[in-house]
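J.: Generate coordinates for the sequence data below:
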Amino acid sequence: MPMSFVRIAYPIPLQETFWYRNDTSTKAEIGMRVEAPLGRRAKAIGYVVEVIDIPTSKSETVSRLESEDISPVKAVEPPLTKLGKPDLSVDLEKPILPPDLAKLEPGKIRSINRVIDTEPLFDSEMLKLGLWMASMYHSSLGEALSAMLPSARRERSEIAEQFDEIELSRTPLVLTQGQKAALDGILAEPKGMFYLYGPTGTGKTEVFLQLADAALSIDLGVLYLVPEIALTRQVEQDARARFGERCAIIHSRLTPSRKLAEWRRIGKKEARIVIGARSAVFAPISDLGLIIIDEEHDASYKSGTTPRYHARQVAMRRARLEGARLVMGSATPSPEAWQACREGQMLRFDLSNRPAGGSFPEMHIIDMRGRHGLISDELADALRDAKKAGRQSILFLNRRGFAHTLMCQTCGSQLLCKHCSVPLTYHKASNRLNCHYCGYHEMKPRACPSCGSLDLAWASYGTERIEEELHERFPDMSHARLDTDTTNTKGYLEDTLLAFRNGKIDILVGTQMVAKGLNFPGVRVVGILMADQGLAMPDFRAGERVFSLIVQVAGRAGRHVPDGLVFIQTRKPDSPIIQLASTGNVSGFLDRELQMRQQLEFPPATRLCRFVFRSKSAKSARSHASKCATLAHRLVCMSAFEGIDILGPSECPLAIVADNHRYQLIFRSDRFADLQRFVQTLQHNIECTSSVYIEIDIDPVQMM
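T.: Coordinates of the predicted model:
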């Protein structure tokens with residue numbers, strides 16, 4: 001019998017992989033999870049990334065192995081963890097090379113405890129993608145694989161989720177001329193990157209589904225990414241109605257075992273079209289022929305934990321590796337995508353008409369300076385008129401809770417979280433002040449903790465306060481609220497959307513949950529409250545986010561009947577961003593934004609990497625950030641890195657989160673290869689104590 005060895009990558013921030021004996025009754029294979037001892041830990045779960053079998057019958061190799069008095073357990077670093085070309089041009093077609101086995105002593109190499117899986121969770125193609133991710137986002141291979149795979153310890157069969165009882169389009173619809181031109185143009189090319197641009201309601205989803213149908217008809221797999229699966233139920237339902245059991249759904253609301261069961265179905269080719277949020281980009285779809293990214297501009301495609309990958313970038317890499325078409329779409333394209341279309345990296349198709357018969361809504365900017373109340377008289381009249389006409393309304397405010405800030409009118413102090421440098425948000429339903437960052441909460445005080453004054457006042461209201469005002473001013477209208485506070489109850493989101501679609505709710509109030517994926521014929525009026533509140537954020541993407549939200553929310557009105565009305569309430573009516581959003585001038589906004597980014601040297605004119613140092617000790621976090629900055633400046637003095645800009649160190653805008661003090665360094669370059677090489681060099685030379693954690697974020701989407 002040959003001796004078998006496996007190399008294991010663990011989901012820990014350690015670049016090394018480790019060799020073990022593969023001598024359990026069930027042999028481990030590449031792509032399986034195993035349990036094995038790690039250091040002083042009796043057991044840890046890792047991923048098999050290589051298997052080596054060595055013949056034992058009179059082999060000179062074995063004799064040499066048994067005679068050597070060397071017993072290392074660690075393997076050499078995989079190729080991509082070494083400092084190399086940052087454009088990631090390592091030859092991924094070659095297998096990971098093991099260390100010289102002649103230098104290992106099998107008798108002293110530990111054995112794995114047990115094999116967890118009965119069949120591999122990933123294949124060689126997904127291993128290549130994991131290697132690329134580890135290098136691209138500066139994580140360990142184990143961390144990259146952990147992000148790619150479903151977390152579950154067992155598999156059990158579960159019945160598929162029931163469909164909501166709403167009308168579904170089971171057959172392809174008749175396409176408009178613009179839709180047909182886009183469909184034909186994309187299908188004319190066997191592979192490549194394409195962009196489908198059109199205002200909300202112009203039928204991008206139907207083009208996506210017909211592209212999927214074309215791919216499935218020749219037995220190619222399809223990956224359909226959406227920002228948040230819970231908010232795009234109609235895409236899921238339409239796909240399931242058309243494609244039946246060939247459709248699989250991957251998202252965070254699935255139980256771990258159900259997610260693993262779906263993963264198995266995909267791997268066995270029982271499901272050929274996968275719809276899901278960010279993590280679905282790793283689904284093991286064989287013969288992948290089409291990747292769709294709906295609402296590609298959405299920030300939720302970016303992971304907030306290590307590895308901090310962007311699903312759009314991973315999808316682009318996967319499309320290149322597997323020779324698939326990549327089709328993105330949005331009514332408000334990201335500046336990066338718009339620039340790529342300009343430069344010919346993607347072929348763009350434009351849609352302009354609403355096939356359902358609606359028209360683009362009539363937009364009104366309401367100047368709220370000097371006014372009292374949260375709902376203007378103009379908006380209130382429109383809500384009443386919509387009710388009389390048997391129509392419905394949506395009110396959007398991108399802030400949950402009752403009030404965002406409790407302020408003392410005597411001393412001017414705010415009630416801040418004890419663990420974060422942010423104000424507490426008051427939730428009236430629970431009569432508590434909550435921190436939306438760390439989860440801390442306390443009861444509402446009767447007096448100011450600083451001066452004892454009873455004169456406390458609310459400022460900057462949330463959706464809970466809007467709901468209360470609706471109850472007071474419009475008692476004859478039914479209303480419901482959608483935000484993360486209400487949707488924690490199982491089934492509430494689906495039940496509320498179904499009731500709204502069936503006309504049982506007059507006014508729907510919500511945060512970003514009402515801005516995406518809602519396509520209801522009854523909506524006539526949309527009110528956007530405090531539309532300018534995000535413009536003051538210390539982030540170069542602040543204007544982009546505000547513009548996108550206004551345009552996306554406004555697009556919920558008049559999708560089927562040409563009488564939509566949108567009211568944008570703001571205290572900054574002259575803001576260019578508000579003005580451009582009120583006219584739906586997407587190209588004007590993007591041209592303006594790209595010009596500004598070019599002048600300020602921000603993406604897409606350059607690429608960024610953000611280092612965040614966090615520690616329970618402010619002194620430690622600040623000290624390590626300063627030491628890293630000193631090292632960075634020394635590296636920049638070297639000719640190889642002279643094009644790198646260093647911004648900082650400085651305290652993060654959110655200086656304290658969950659008792660962790662946060663300092664940041666930002667590195668900028670217009671040559672991504674140089675930036676990657678610089679970050680790798682810096683990462684390998686930083687000396688950090690265990691009390692300081694470093695977050696490395698390539699292409700950050702938020703700077704808070």
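
J.: number of nearby residues for the residue nearest to Asp294 when sequence neighbours are not counted?
T.: In space, and not counting its chain neighbours, Asp294 is closest to Val226: 5.0 Å by Cβ to Cβ, 6 or more residues apart in numbering. For the C-beta atoms, the positions are set from N, CA and C on the backbone; glycine is no exception. Summarising burial for Val226: neighbours were counted as other Cβ atoms under 10 Å, giving 28.

J.: Next: Arg371.
T.: Other residues within reach of Arg371 by the criterion other Cβ under 10 Å amount to 13.

J.: tell me the SS of it?
T.: Assigned state for Arg371: coil (three-state reduction, DSSP: H, G, I helix; E, B strand; the rest coil).

J.: same thing with Val551?
T.: In the three-state summary, Val551 is assigned as helix, counting by three-state DSSP.

J.: Now for Ser279: which residues touch it?
T.: Residues in contact with Ser279, defined by Cβ atoms under 8 Å, 6 or more residues apart in numbering, are 147-148, 250-252.

J.: pLDDT at it, what is it?
T.: Ser279 is assigned a pLDDT of 90 by the prediction.

J.: sorry, back to before: possible to save the contacts of Ser279 as a markdown table with distance to Val679?
T.: Below are those laid out as a markdown table (distance: Cβ to Cβ, whole Å):
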| residue | distance to Val679 |
| --- | --- |
| Ala147 | 19 |
| Met148 | 22 |
| Ile250 | 31 |
| His251 | 31 |
| Ser252 | 29 |
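
J.: Which of those ranks first by neighbour count?
T.: Neighbour tally across those (other Cβ under 10 Å): the maximum, 25 neighbours, falls on Ile250.

J.: hey, what's it bridged with?
T.: With beta bridges defined as DSSP bridges, Ile250 has these partners: Gly276.

J.: and the gap between it and Arg308?
T.: Using Cβ to Cβ, to the nearest Å, Ile250 is found at 20 Å from Arg308.

J.: Also Ala239?
T.: For Ala239, the distance to Arg308 (Cβ to Cβ) stands at 29 Å.

J.: More neighbours: these two, which one.
T.: The neighbour comparison of Ala239 against Arg308 (other Cβ under 10 Å) goes to Ala239, with 25 against 20.

J.: a strand runs through that one, doesn't it?
T.: No. Counting by three-state DSSP, Ala239 is not part of a strand but helix.

J.: Spatially nearest residue to it (excluding sequence neighbours)?
T.: Distances taken as Cβ to Cβ, 6+ apart place Cys247 nearest to Ala239, at 5.1 Å, with adjacent residues excluded.

J.: and the one you found, what does it touch?
T.: Residues touching Cys247, when contacts are defined by Cβ under 8 Å, 6+ apart, comprise 239-240, 271, 273-275.

J.: So for the helix or strand containing Glu467, mean pLDDT?
T.: When secondary structure is defined using DSSP states H and E, the element that contains Glu467 is helix 463-473. What helix 463-473 shows for mean pLDDT is 88.

J.: List of residues touching that helix?
T.: Identification of contacts with helix 463-473 by Cβ under 8 Å, 6+ apart yields 373-375, 380, 395, 397, 399-403, 427-429, 458, 477, 479, 481, 483, 485, 507, 509-511, 529.

J.: Need the CA coordinates for it. CSV is fine.
T.: What follows is the C-alpha trace of helix 463-473 in CSV, where atoms were taken according to Å, rounded to 0.1, in the frame of the first residue of the first chain:
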residue,chain,number,x,y,z
THR,A,463,-38.5,55.0,9.7
GLU,A,464,-40.2,54.3,13.1
ARG,A,465,-40.9,58.0,13.5
ILE,A,466,-42.3,58.2,9.9
GLU,A,467,-44.7,55.3,10.7
GLU,A,468,-45.9,57.1,13.8
GLU,A,469,-46.6,60.3,11.8
LEU,A,470,-48.5,58.3,9.2
HIS,A,471,-50.7,56.9,12.0
GLU,A,472,-51.4,60.4,13.3
ARG,A,473,-52.0,62.2,10.0
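
J.: list the buried ones in that helix?
T.: With burial defined by 16 or more other Cβ atoms under 10 Å, the residues of helix 463-473 counted as buried are 463-467, 469-470.

J.: biggest helix in the chain by residues?
T.: Longest helix of the chain, by residue count under DSSP state H: helix 618-636.

J.: ok now that helix, how far from the chain's centre?
T.: Offset of helix 618-636 from its chain centre (Cα atoms, centre = their mean, to the nearest Å): 29 Å.

J.: Ok, stretch 268-276 next?
T.: Between the centre of stretch 268-276 and the centre of its chain there are 21 Å (Cα atoms, centre = their mean).

J.: For it, what is the spacing between the initial and final residues?
T.: Counting by Cα to Cα, to the nearest Å, the length from the leading to the trailing residue of stretch 268-276 is 18 Å.

J.: How about residues contacting that stretch?
T.: Outside stretch 268-276, the residues within contact range by Cβ under 8 Å, 6+ apart are 212, 216, 219-226, 229, 235-236, 239, 243, 245-251, 262, 265-266, 280, 283, 285-286.

J.: Are any of those residues buried, and if so which?
T.: 212, 216, 220-226, 229, 235-236, 239, 243, 246-251, 262, 265-266, 280, 283, 285.

J.: quick one, domains of the chain?
T.: Taking automatic domain parsing as the reference, the chain has its domains at 3-148, 177-350, 362-400+462-597, 607-698.

J.: Of the contacts of Ser279, just say which sits nearest to Asp53.
T.: Taking Cβ to Cβ as the measure, Met148 is the one of these closest to Asp53, at 26.1 Å.

J.: And the closest one, how far from Ile266?
T.: From Met148 over to Ile266 (counting by Cβ to Cβ), the distance is 13 Å.

J.: go on, Leu38?
T.: Computed as Cβ to Cβ, the Leu38 to Ile266 distance reads 30 Å.

J.: among the contacts of helix 463-473, which are in helices?
T.: Mapping the contacts of helix 463-473 onto helices (DSSP H) picks out Ala380.

J.: List buried residues within the contacts of helix 463-473.
T.: The buried subset of those - by 16+ other Cβ under 10 Å - is 374-375, 380, 395, 397, 399-403, 427-428, 477, 479, 481, 483, 485, 507, 509-511, 529.

J.: Need the mean per-residue confidence for stretch 328-339.
T.: Confidence over stretch 328-339 (mean pLDDT, whole number) is 95.

J.: How far does that stretch stretch from one end to the other?
T.: End residues of stretch 328-339 are separated by 14 Å (Cα to Cα).

J.: likewise stretch 282-289?
T.: The first and last residues of stretch 282-289 sit 14 Å apart, counting by Cα to Cα.

J.: How far off centre is it?
T.: Using Cα atoms, centre = their mean, we find the averaged C-alpha position of stretch 282-289 to lie 20 Å away from the chain's own average C-alpha position.

J.: Nice, that's everything, thank you.
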